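**Q** Just the structure for this:
(chains A and B)
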Amino acid sequence: MTIDSVVVIVIQLVLAVAVTPVLIGVMRTTRARLEGRVGGGIGQPWRDLRKLLAKEPTRAPGSTPVLTVAPILLMTSSLLLCALIPLASTLALASIPGDLFVVVSVLLLGTVALALLGLESGTAFGGMGSSRHMVIAALVEPTVLLSIYALSVPAGTSALAAIVQTRRAEPASLLNPVSLLAIVALVVVVIAETGRLPVDNPSTHLELTMIHEAMILESGGRDLGWLELGSWLRLTALLGLVANLALPWGIGQDASPLTLGVGIVAITVKVLVLGSVLAAAEVFIAKLRLFRVPELLAGSFVLAFLSVSASYLVF
Amino acid sequence: MSTARLLRLIARTGRVAEPLGSTTDHNLQVREGFEPPRALRGSVQVRHVDAGSCNGCELEIGAAFGPVYDAERIGARLVASPRHADVVAVTGVVTQNMAEPLVNTVDATPNPRVVVSIGDCTRGCGQFAGSYAVAGSVDDFVQVDVHVPGCPPAPEAIIAALRAVTRR
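**A** Numbers count the residues shown, from 1 in each chain, chains lettered A, B, ... in the order given. Take a look at the predicted model:
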């Protein structure tokens, strides 16, 4: 069984790294087409990444090793996330702790690495970005925990793989109010956590409105390449988690080549479709004023709380 | 605007981007011996520096990255920091106050980098030559790789200069 789990984890990592630039490309192209533009094409994020990784980083004199370590830490946490979350198969988690609390802690590790990086540059924008990022993280993490916790009540365990498996075995439970409220709450916090509209604008050039971009303003070349890939991988992993919790069909349950193949195709399609829906929705909304963001996140926390309360009435 | 009206507008507008023009006949002046770096093939991020421009060139740069000329399809994108950039696009004469920031911006851009100067002012100071506020033209401070002539140059010319770097 251990060999099978290792195979599944390796497949999930390779899949995540391969699908992520395509996902970002699909999202940017969707947005460009709806805006009447042609866009850079689906391969553009891949070309950007290849170029960034080939460039030597420019580091300011007097900068500390944080500038070098933070991108690696973010990459590590994102890769761990992709290994722990059941993407192509629920087997990956059977033998290692793919626990809800472990996943949220790993998520927080990347968040803290980014925040330290923002502070490290010592510029006004970096510090501003870090403080905003931590405010959002503090509001997001409890909701992630609570909404998945609501889904874990029927499964009787906090292991993500078991939750997905239980939901797949009982399709009727996908449409009950507990599940719907939890999924809506989870979607809102995933949007906030990955810095998409309406919480943060990934394509902004205005320093005063930036959150994610403000923290990485001082990183260039290779450092920036790892930071970009790391944050994109988080998007893939979290979209994959939402997709597998909301629509658990297609995910493999053992390591046989057939079910794994089906699982790989299913998660790729699910993530790409979810990504383009997200990108299309972004065309219709504007960024929220920063002081309104806590209201949005508090709203999603309330939904998650209601979901947990209801789960004790339903089950 | 309501979502339904926005959807109708999107359907009615369709694609506004015009086909890419030719890369020749914009009289681009490429530095002797300049080879576009291999790493920048297909993807450049542009940091724009206004060293003392009248804002005519800025309007044209805005148009080049807008929906009609759509520089994104050749892999070019404007960025907010020189650390993220591969191309430094300079416009205008270099004023006394902007001479140092210009040099610093180019220094802060990771290698391999390309400097593109846009507009007649960047070579020979154009209308503003001889003013007490002018420290010199862009060539006096940094090594310019591609120069786009014109007052102001057309967005097609700016796109052509970026395509000389991305080769797309």
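
**Q** for chain B, what are the nearby residues on chain A?
**A** A:32-41, A:44, A:47-48, A:50-51, A:54-58, A:204-207, A:210, A:213, A:216-221, A:224, A:283-284 (C-beta under 8 Å from any C-beta of the partner chain). Heads up, the C-betas are built off the backbone N, CA and C, glycines and all.

**Q** ranges for the helices of the chain?
**A** This is for chain A. Remark: helices assigned in chain A by DSSP state H are A:2-34, A:44-54, A:66-84, A:100-120, A:124-155, A:160-169, A:177-193, A:212-215, A:221-246, A:257-283, A:293-314.

**Q** that's the wrong chain, I meant chain B
**A** B:3-13, B:56-64, B:99-107, B:155-166.

**Q** For chain A, which of those helices is the nearest?
**A** helix B:3-13 (5.2 Å; C-beta to the nearest C-beta).

**Q** so what does the closest one touch, helix or strand wise?
**A** Contacts defined by 3 or more C-beta pairs under 8 Å, 6 or more residues apart in numbering or on different chains; DSSP states H and E place helix B:3-13 against no helix or strand at all.

**Q** how big is the angle separating that helix from helix A:257-283?
**A** Helix B:3-13 and helix A:257-283 are oriented at 100 degrees to each other (axes from the mean of the first three to the mean of the last three C-alpha atoms, to 10 degrees).

**Q** could the helices of chain B be laid out in TSV, adding distance to A:L175 and mean neighbour count?
**A** Converted to TSV, the helices of chain B look like this (distance: least, C-beta to C-beta, whole Å; neighbours: other C-beta atoms under 10 Å in any protein chain shown):
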stretch	distance to A:L175	mean neighbour count
helix B:3-13	25	11
helix B:56-64	48	19
helix B:99-107	56	16
helix B:155-166	49	23
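
**Q** Mind putting the ones you listed into JSON lines with mean pLDDT?
**A** Shown next, in JSON lines, are the helices of chain B (pLDDT from 0 to 100):
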{"stretch": "helix B:3-13", "mean pLDDT": "90"}
{"stretch": "helix B:56-64", "mean pLDDT": "94"}
{"stretch": "helix B:99-107", "mean pLDDT": "94"}
{"stretch": "helix B:155-166", "mean pLDDT": "92"}
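
**Q** From chain B, how far out is A:N176?
**A** 28 Å (C-beta to the nearest C-beta, to the nearest Å).

**Q** So A:I85 versus chain B, what's the distance?
**A** Distance from A:I85 to chain B, by C-beta to the nearest C-beta: 29 Å.

**Q** so that residue makes contact with A:G98?
**A** Yes: between A:I85 and A:G98 there is a contact under C-beta atoms under 8 Å: 7.2 Å.

**Q** residues bridging contact with the two, i.e. touching both?
**A** A:L160 (C-beta atoms under 8 Å, 6 or more residues apart in numbering or on different chains).

**Q** what angle do the lengthiest strand in chain B and helix B:56-64 make?
**A** With secondary structure taken from DSSP state E, chain B has its longest strand at strand B:44-50. Orientation check (the same axes, to 10 degrees): strand B:44-50 against helix B:56-64 gives 150 degrees.

**Q** how far out from the middle of the chain is strand B:44-50?
**A** Computed by C-alpha atoms, centre = their mean, to the nearest Å, the chain-centroid distance of strand B:44-50 equals 6 Å.

**Q** Could you do stretch A:36-53 as well?
**A** With C-alpha atoms, centre = their mean, you get 20 Å for stretch A:36-53.

**Q** Could you list the low-confidence segments of chain B?
**A** For chain B, applying pLDDT under 70 flags no range at all.

**Q** tell me which parts of it are close to chain A?
**A** Proximity of chain B to chain A, by C-beta under 8 Å from any C-beta, involves residues B:3, B:6, B:10, B:13-17, B:39-43, B:45, B:67, B:70, B:72-73, B:75, B:77-84, B:86, B:108-112.

**Q** Just the ones of these in strands?
**A** Those of the residues of chain B next to chain A lying in strands (DSSP E): B:Q45, B:R77, B:L78.

**Q** which of those lies closest to A:G195?
**A** Set against A:G195, the nearest of those by C-beta to C-beta is B:R77 (17.2 Å).

**Q** so who does A:L109 touch?
**A** A:L73, A:T76, A:S77.

**Q** how about the residues you listed in TSV, adding neighbour count?
**A** Shown next, in TSV, are the contacts of A:L109 (neighbours: other C-beta atoms under 10 Å in any protein chain shown):
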residue	neighbour count
A:L73	20
A:T76	16
A:S77	23
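
**Q** Which of those sits closest to A:V184?
**A** A:V184 lies nearest to A:S77 out of the contacts of A:L109, by C-beta to C-beta, at 26.0 Å.

**Q** hang on, the earlier thing: most neighbours out of the ones in strands among the residues of chain B next to chain A, which is it?
**A** Within those, B:Q45 tops the neighbour count with 24 neighbours, counted by other C-beta atoms under 10 Å in any protein chain shown.

**Q** Test my guess that that one contacts B:S81.
**A** No: contact criterion C-beta under 8 Å: B:Q45 and B:S81 do not qualify, at 9.3 Å.

**Q** How many residues are close by the residue nearest to B:T122 when sequence neighbours are not counted?
**A** What sits nearest to B:T122 in space, not counting adjacent residues and going by C-beta to C-beta, 6 or more residues apart in numbering or on different chains, is B:V138, at 4.2 Å. Taking other C-beta under 10 Å as the criterion, the count of residues near B:V138 is 28.

**Q** pretty sure B:V138 contacts B:V90?
**A** Yes: using C-beta under 8 Å, B:V138 is in contact with B:V90, at 5.0 Å.

**Q** list residues touching both of the two?
**A** By C-beta under 8 Å, 6+ apart, the residues touching both B:V138 and B:V90 are B:A51, B:L102, B:V115, B:S117, B:T122, B:V144.

**Q** nearest to A:L13, of those residues?
**A** So of the shared contacts of B:V138 and B:V90, ranked by how close each gets to A:L13 (C-beta to C-beta), first place is B:V115, at 39.5 Å.

**Q** who's in contact with the closest one?
**A** Residues near B:V115 by C-beta under 8 Å, 6+ apart: B:V87, B:V88, B:V90, B:V106, B:V138, B:V142, B:Q143, B:V144, B:D145, B:V146.
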